[in-house]
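> Whatever this is, show me its structure:
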Amino acid sequence: MTRLMRTELFVQEAYRRRGIGRALVAHAERLAYEGGATELFVLTSFTNHEAQSLYHDGIRRR
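Residues are numbered from 1 along each chain as shown. Here you go, the predicted structure:
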């Protein structure tokens, strides 16, 4: 089993709501699967609703 670990993803506030975070998540997911990863795990703070939404919407279920 191969796993990708992304420890942090951050978009400066001035650049948020432009699809940058979504593009970064999609790119990381693509690289992981191309590299042979079979699973992706995401951890966020319980109170970080923006990140939860980004990851929930951005990561495809296979």
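> The most centrally placed residue in the chain: which element?
The centre of the chain sits closest to residue 25, judged by CA atoms, centre = their mean, with a distance of 3.6 Å. Using DSSP states H and E, residue 25 falls within helix 20-34.
> starting at the chain centroid, how far to that helix?
7 Å (CA atoms, centre = their mean, to the nearest Å).
> Quick check: mean pLDDT of the helix or strand just after that helix?
Scanning forward in sequence from helix 20-34 by DSSP H and E, the next helix or strand is strand 39-40. Mean per-residue pLDDT for strand 39-40: 78.
> partners of strand 39-40 in the sheet?
strand 3-4 (parallel) (DSSP bridges).
> looking at this, residue 9 is in a strand?
No. Per DSSP: H, G, I helix; E, B strand; the rest coil, residue 9 lies outside any strand segment and is coil.
> Is it in contact with residue 20, as I believe?
No. Look at residue 9 against residue 20 with CB atoms under 8 Å: they stay out of range, at 10.0 Å. C-beta: built from backbone N, CA, C; applies to glycine.
> just to revisit the earlier point, look up how far residue 38 lies from the residue nearest to the centre of the chain.
18 Å (CB to CB, to the nearest Å).
> any low-confidence regions in this structure?
Low-confidence regions of the chain, defined by pLDDT under 70, span residues 1-6, 58-62.
> how does it look with 80?
Residue ranges of the chain with pLDDT under 80: 1-7, 39-41, 56-62.
> thinking again about what came up before, what helices or strands is the helix holding residue 25 leaning on?
strand 3-4, helix 49-58 (3 or more CB pairs under 8 Å, 6 or more residues apart in numbering; DSSP states H and E).
> rerun at 10 Å
With contacts defined as 3 or more CB pairs under 10 Å, 6 or more residues apart in numbering; DSSP states H and E, the packing partners of helix 20-34 are strand 3-4, strand 39-40, helix 49-58.
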